[in-house]
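Engineer: Provide a 3D model corresponding to the input given below.
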Amino acid sequence: MKTEAEIRQVGLRALIEALGAVDAERFIAAVNRDRFDYTEWRKTGLPDGDIETLSAQAVEYSRSLDH
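Structural biologist: Predicted coordinates:
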């Protein structure tokens, strides 16, 4: 069983790998700021699909914000 510190470290690495350092930090700040119910958000807040599809959709959405 992993310690809480190990879980945080692995999780942070995964966020950085998926989002990059800056956006990973923005995600953490948003989660802390909003104080939302993660369990409910996980059930209803994410679209269906695998992580690659979700990532591609996020990139597309992000690009649309730049224009």
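Engineer: got the buried residues for the one helix or strand in the chain whose mean pLDDT sits lowest?
Structural biologist: Using mean pLDDT, DSSP states H and E, helix 38-44 stands out as the lowest-scoring helix or strand of the chain, at a mean of 75. Within helix 38-44, no residue is scored as buried using 16 or more other Cβ atoms under 10 Å. Any C-beta I mention is one placed from the backbone N, CA and C, and that applies to glycine too.
Engineer: quick one: residues in contact with that helix.
Structural biologist: The contact list for helix 38-44 (Cβ atoms under 8 Å, 6 or more residues apart in numbering) reads residue 31.
Engineer: try 7 Å
Structural biologist: Here helix 38-44 makes contact (Cβ atoms under 7 Å, 6 or more residues apart in numbering) with no residue beyond itself.
Engineer: now the element after that helix, going C-ward?
Structural biologist: helix 51-65 (DSSP states H and E).
Engineer: that following helix packs against which elements?
Structural biologist: With contacts taken as 3 or more Cβ pairs under 7 Å, 6 or more residues apart in numbering; DSSP states H and E, helix 51-65 sits against no other helix or strand.
Engineer: C-alpha coordinates for that helix, CSV please?
Structural biologist: Included here for helix 51-65 are C-alpha records, laid out as CSV according to Å, rounded to 0.1, in the frame of the first residue of the first chain:
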residue,chain,number,x,y,z
ILE,A,51,-8.4,9.5,-21.6
GLU,A,52,-7.0,10.0,-25.1
THR,A,53,-10.4,11.2,-26.4
LEU,A,54,-10.9,13.5,-23.4
SER,A,55,-7.4,14.9,-23.8
ALA,A,56,-8.0,15.6,-27.5
GLN,A,57,-11.3,17.3,-26.7
ALA,A,58,-9.5,19.4,-24.0
VAL,A,59,-6.8,20.5,-26.4
GLU,A,60,-9.4,21.4,-29.0
TYR,A,61,-11.4,23.4,-26.5
SER,A,62,-8.2,25.2,-25.2
ARG,A,63,-7.3,26.2,-28.8
SER,A,64,-10.8,27.6,-29.3
LEU,A,65,-10.3,29.9,-26.4
